[in-house]
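Student: Provided below are the primary sequence and the corresponding predicted coordinates.
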Amino acid sequence: MATIVFAGSPMVAVPYLRALAEVHDIALVVTREDAAVGRKRELTATPVAVAAIELGLPLVKTNSLRDIELPDCTLGVVVAFGGLVPDKLLRVPAHGWINVHFSLLPKLRGAAPVQRALWAGDRTTGVSIFQLVTELDAGPMFFQREIPFEPMESATSALLRLSEVAVGDLTETVKGILDGVISAHEQQGEVTFAPKFTKDEARIDWQLPAGVIESRVRALTSEPGAYTLQNAHRIGIGGVRVSHAESGPAGVLRVTDEHVYVGTGDGTIELLTVKPAGKRELVAIEWARGLRGPAEFT
């Protein structure tokens, strides 16, 4: 049985922690500090912290790994921690650190690979398990496979699905490393990057084609979330789909008895859900029935 240090934070990391805890000794779980969440800004523990407490595992909450001391351990495992492992800690585990990354490296290195893949209209994502080195997501790989996106899948739902379907990939890779039967190979191919989205990117440009807008909305949910402006008021866009219905010019809404359509630079988008600033998410037609007069997104 190996002794493992696990670093992770969001829900996507939880199945990996649970799977490793079933067969290995988890010497320490490291996760980010409690953060203010929701409209009431209540301090909330990360999903990994909640799981670690439930499993009775040693836990440290920190937003930086620079100041923590690691116990003696066989291997370090990172799944979406949200911070870099400093050089001095890379050398502590006997087998170093490995990281689970959701792209086909070296494509889409960085914090938002699944989101950027959807943004670009890619039909597939993937999982890569590699050795951590000083350079971001640049270490040699132990394992990689391609995984198709499902139709109309958002970044949020894709990440949650990946957290389930790729768990076995990690446990088998860990076993192979510890048994000495697999070795890492250098990454091959063009390097691209996947930075987090900016506020400007999250605002919908209705001059774009309908298919591009649909892909970008899927990529942006739920963080940071796509949005638009209507009479200078921010409207979050939760769900859309390309429609063959007629509509007006780009950004102009057409409301029927059951549907809300928006014109684009090429084609039509049907709004499914919206979230007005400071309010709960609404079915788009319920929100649109409260509009007065012609409506347009800018």
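Tutor: On my side now, so go ahead.
Student: alpha carbons only for contacts and neighbour counts from here, please
Tutor: Will do.
Student: Next, please give the residue ranges for the strands of the stretch 101-250 of the chain.
Tutor: 124-131, 141-148, 226-230, 233-243 (DSSP state E, counting those that start in this stretch).
Student: can you redo the ones you listed as a markdown table with mean pLDDT, distance to residue 275 and mean neighbour count?
Tutor: Shown next, in a markdown table, are the strands of the stretch 101-250 of the chain (pLDDT from 0 to 100; distance: least, CA to CA, whole Å; neighbours: other CA atoms under 10 Å):
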| stretch | mean pLDDT | distance to residue 275 | mean neighbour count |
| --- | --- | --- | --- |
| strand 124-131 | 97 | 28 | 22 |
| strand 141-148 | 97 | 29 | 17 |
| strand 226-230 | 95 | 9 | 20 |
| strand 233-243 | 94 | 5 | 20 |
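Student: can you redo those strands as JSON lines with distance to residue 197?
Tutor: As requested, the strands of the stretch 101-250 of the chain are exported to JSON lines (distance: least, CA to CA, whole Å):
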{"stretch": "strand 124-131", "distance to residue 197": "18"}
{"stretch": "strand 141-148", "distance to residue 197": "22"}
{"stretch": "strand 226-230", "distance to residue 197": "10"}
{"stretch": "strand 233-243", "distance to residue 197": "15"}
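Student: Compare those strands and give me the one nearest residue 36.
Tutor: strand 233-243 (20.1 Å; CA to CA).
Student: which outside residues touch that closest one?
Tutor: 210-211, 214, 217-218, 221-222, 225-229, 267-277, 281 (CA atoms under 8 Å, 6 or more residues apart in numbering).
Student: rerun at 6 Å
Tutor: 210, 214, 226-229, 268-277 (CA atoms under 6 Å, 6 or more residues apart in numbering).
Student: Nearest to residue 145, out of these: which one, please.
Tutor: residue 214 (26.1 Å).
Student: was I right about residue 45 contacting residue 31?
Tutor: No - the pair residue 45 / residue 31 is not scored as a contact, 9.1 Å apart, by CA atoms under 6 Å.
Student: which one of these two has more residues nearby?
Tutor: The neighbour count for residue 45 versus residue 31, taken as other CA atoms under 10 Å, is higher for residue 31 (28 against 18).
Student: Need the three-state assignment for residue 84.
Tutor: State at residue 84, reduced to three classes by DSSP: H, G, I helix; E, B strand; the rest coil: coil.
Student: Which pLDDT value goes with it?
Tutor: Looking at residue 84, its pLDDT reads 90.
Student: Quick check: closest non-adjacent residue to it.
Tutor: residue 65 (7.2 Å; CA to CA, 6 or more residues apart in numbering).
Student: for the one you found, helix, strand, or coil?
Tutor: coil.
Student: ok, it - how many residues close by?
Tutor: Residue 65: 21 neighbours (other CA under 10 Å).
Student: repeat for residue 186
Tutor: Neighbours of residue 186 using other CA under 10 Å come to 12.
Student: mind listing what the helix or strand of the chain with the lowest mean pLDDT pairs with, with the direction of each?
Tutor: Between all helices and strands in the chain, the lowest mean by mean pLDDT, DSSP states H and E belongs to strand 35-37, at a mean of 81. The pairing partners recorded for strand 35-37 under DSSP bridges are strand 42-44 (antiparallel).
Student: Helices of the stretch 1-150 of the chain, start to end?
Tutor: Counting by DSSP state H, counting those that start in this stretch, the stretch 1-150 of the chain has helices at residues 14-23, 47-55, 87-90, 113-119.
Student: Low-confidence regions, this protein specifically.
Tutor: Applying pLDDT under 70 to the chain picks out residues 1, 38-39.
Student: how does it look with 50?
Tutor: Nowhere does the chain drop to pLDDT under 50.
Student: how does it divide into domains?
Tutor: 3-179, 199-288 (automatic domain parsing).
Student: Find the nearest non-adjacent residue to residue 79, please.
Tutor: residue 8 (4.9 Å).
Student: I'd like to know how far that neighbour sits from residue 150.
Tutor: 25 Å (CA to CA, to the nearest Å).
Student: Please apply the same query to residue 206.
Tutor: 25 Å.
Student: More neighbours: those two, which one.
Tutor: residue 206 (23 against 12).
Student: ranges for the helices of the stretch 151-298 of the chain?
Tutor: 155-165, 167-179, 199-202, 210-220, 284-288.
Student: Tell me the buried residues in the shortest one?
Tutor: In this case it means helix 199-202. Buried residues in helix 199-202, counting neighbours by 16 or more other CA atoms under 10 Å, are found at residue 202.
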